[in-house]
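>>> quick one: sequence plus predicted model below, questions after.
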Amino acid sequence: MLIAIEGIDGSGKSTQASLLYDSLRKNNKVFLTKEPSKGLIGVSIRELLHRNDLSPMAMQMLFAADREEHISKTIVPKLDEGYHVITDRYNLSTLAYGMASGIDRKRLEGICYGIPEPTITFVLDIGGDKAYNRLKALGKELSVFEKQEFLERARDAYLELVQGRQNCFVIDSSKPIKRVSAEMLNTVNEHI
Ligand code: ADP
Ligand code: MG
């Protein structure tokens, strides 16, 4: 299975990806990975996130290029070796963040076209205000995407994107961490 964990910054993706990984690895071969990836393009993107001088579409094209590398060098090889792969962010991030930046959805769908479909996508849903407060509490430097109004637009875009999408589950991630992880694990167990 390929499991994608999506949602705005501060929604709890990394927390839940790691909890799901710990639960699944008791009985399964499972590999945890994330985007931006640890590859050359992914590392460059992490530097660019703290600057503001790339056009939104150029930025999303870099994310898509990083995903292509991530899929071909990591995700597909691990799936072929019999691992379940959990990825912290995938194609919906490009669509939701791109739409929140004002890019036309169809243009974004163009750069995401043809990639492997996740078996399950989780969208961790939370208000932009709550997510922003979580990020502020972490006290790290915030990227160009980590502004409350932007997070609210990205959340709306995610909720628009899940409409009519197969195997895509919206989880209320304002609930306590354990409630969220239990709900996700139940869904995964129904598919395993
Ligand atoms: P993301 O990877 O989506 O940006 P993180 O997993 O890093 O989010 O979580 C952001 C912050 O919110 C962390 O400090 C984390 O401990 C906290 N957090 C995550 N999920 C919850 C939750 N359900 N309730 C309260 N705090 C949470
Ligand atoms: Mg994270």
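Perfect, thanks for sending it. Ligands and ions are numbered 1, 2, ... in the order given.
>>> what residue in the chain comes nearest to ligand 2?
Across the chain, the shortest distance to ligand 2 (Cβ to the ion) belongs to residue 14, at 3.2 Å. All C-beta atoms are positioned from the backbone trio N, CA, C, and that covers glycine.
>>> and that residue, what's its pLDDT?
Listed pLDDT for residue 14 reads 98.
>>> secondary structure element for residue 158?
Secondary structure from DSSP states H and E places residue 158 in helix 148-161.
>>> that older thread, can you tell me how far the nearest residue to the residue of the chain closest to ligand 2 once chain neighbours are set aside is from residue 163?
Nearest non-adjacent residue to residue 14, counting by Cβ to Cβ, 6 or more residues apart in numbering: residue 88, 5.6 Å away. Separation of residue 88 from residue 163 (Cβ to Cβ, to the nearest Å) stands at 23 Å.
>>> ok, residue 170 next?
Taken as Cβ to Cβ, the span from residue 170 to residue 163 is 10 Å.
>>> okay, these two: which has more neighbours?
Taking neighbours as other Cβ atoms under 10 Å, residue 170 and residue 163 compare with residue 170 leading, 15 against 7.
>>> report the angle between the axes of the helix or strand harbouring that one and helix 148-161?
Using DSSP H and E, residue 170 falls within strand 168-172. Inter-element angle recorded for strand 168-172 and helix 148-161: 140 degrees (by axes from the mean of the first three to the mean of the last three Cα atoms, to 10 degrees).
>>> which strands or helices does whatever helix or strand comes next after strand 168-172 pack on?
Beyond strand 168-172 in the direction of the C-terminus, DSSP H and E gives the next helix or strand as helix 177-191. Contact here means 3 or more Cβ pairs under 8 Å, 6 or more residues apart in numbering; DSSP states H and E; on that basis helix 177-191 packs against helix 13-24, strand 120-125, strand 168-172.
>>> pick the most deeply packed of the ones you listed.
strand 120-125 (a mean of 24; mean count of other Cβ atoms under 10 Å).
>>> that one pairs with which strands, parallel or anti?
strand 2-7 (parallel), strand 168-172 (parallel) (DSSP bridges).
>>> out of the ones you listed, which is closest to residue 191?
Comparing these against residue 191 with Cβ to Cβ, the closest turns out to be strand 2-7 (8.8 Å).
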